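Q: Below is the sequence, then the predicted model.
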Amino acid sequence: MCLSFPGKIADIRGGSAVVDYGEYGARENVNISLVDVKVGNYVLVQGGFAIKVLSSEEAKETLETWRMIRELQEPTEEAEN
């Protein structure tokens, strides 16, 4: 099973685009030949290809879910002592 984080199309250059993963601090150059995208669209990327365009609502819900998962996995001060 593969997991993918929503990223936002920051720039398009021919058949590729720069995808910005925001708070994760990463940018990636991906192939967009499988989808019809514009700057500002959110996409899921697998193996260097944008495979699905997400609505802003879908992307925000998914990012919020990942944020909550990360918070649950972070050690608390009490657990560290």
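A: Here it is on my side, so go on. Numbering: from 1, shown residues only.
Q: can you pull out the helices in the chain?
A: Counting by DSSP state H, the chain has these helices, from start to end: 56-73, 77-80.
Q: Centre of the chain to the longest one, how far?
A: When distances are taken as C-alpha atoms, centre = their mean, to the nearest Å, helix 56-73 is centred 11 Å away from the chain's centroid.
Q: And that helix, what does it pack against?
A: If contacts are counted by 3 or more C-beta pairs under 8 Å, 6 or more residues apart in numbering; DSSP states H and E, helix 56-73 sits against strand 42-46. Heads up, the C-betas are built off the backbone N, CA and C, glycines and all.
Q: Next, the angle helix 56-73 makes with the strand it packs on.
A: 60 degrees (axes from the mean of the first three to the mean of the last three C-alpha atoms, to 10 degrees).
Q: In CSV, list the C-alpha atoms belonging to strand 42-46.
A: Extracted C-alpha coordinates of strand 42-46, given in CSV (Å, rounded to 0.1, in the frame of the first residue of the first chain):
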residue,chain,number,x,y,z
TYR,A,42,-3.9,20.0,-5.2
VAL,A,43,-2.6,16.6,-6.4
LEU,A,44,-1.5,13.2,-5.1
VAL,A,45,1.8,12.0,-6.5
GLN,A,46,3.1,8.5,-6.8
